[in-house]
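A.B. asks: Structure for this input, please:
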Amino acid sequence: QVQLAESGGGLVQAGGSLRLSCAASGRTLSNYVMGWFRQAPGKEREFVGAISRSGSRTYYADAVKGRFTIFRDNAKTTVYLQMDSLTPEDTAVYYCAADPSLYVVGSSPNRYDYWGQGTQVTVSS
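C.D. replies: Prediction:
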């Protein structure tokens, strides 16, 4: 079992940047595909992006492609979500999640077994 904890959320103006971190403990981070999801008030949880176990492959939702970057440091057991050119539509609670699959397979949150508690990101206009 792996425990996940997000940090780095906050309030930022439109056009600004934030970097979220997801610290893992309990199991070797490299054993997991890692994903980022977000959930805005009144909306379903949606896929933001994912990164392969080694970090060599990344996948993004169309809404964030070109603005968000996921990378990982397995030695530091941390996964990051760099968010640039933020818009008010990016306002949500952001979650990291761990999937024990060998590869990134799809974008469904149901594939992910472990979740952090979430961190709030608010983008003001």
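
A.B. asks: What is the burial count for residue 60?
C.D. replies: 19 (other CB atoms under 10 Å). Backbone N, C-alpha and C define where each C-beta goes, glycine included.

A.B. asks: Show me what it bridges to in the sheet.
C.D. replies: Listed beta-bridge partners, residue 60: residue 49 (assigned using DSSP bridges).

A.B. asks: surely it meets residue 49?
C.D. replies: Yes - using CB atoms under 8 Å, residue 60 is in contact with residue 49, at 4.2 Å.

A.B. asks: For this structure, just list every one of the strands.
C.D. replies: 3-7, 10-13, 18-25, 33-39, 46-51, 58-60, 68-73, 78-83, 92-99, 114-115, 119-124 (DSSP state E).

A.B. asks: so which of those gets nearest residue 106?
C.D. replies: strand 46-51 (8.6 Å; CB to CB).

A.B. asks: could you say what helices and strands the closest one packs with?
C.D. replies: Under the contact criterion of 3 or more CB pairs under 8 Å, 6 or more residues apart in numbering; DSSP states H and E, strand 46-51 touches strand 33-39, strand 58-60, strand 68-73, strand 78-83.

A.B. asks: Any buried residues in the third one, and which?
C.D. replies: Think strand 68-73. For strand 68-73, burial by neighbour count (16 or more other CB atoms under 10 Å) applies to 68, 69, 70, 72.

A.B. asks: With the last one instead?
C.D. replies: Burial within strand 78-83, assessed by neighbour count using 16+ other CB under 10 Å, is assigned to 78, 79, 80, 81, 83.
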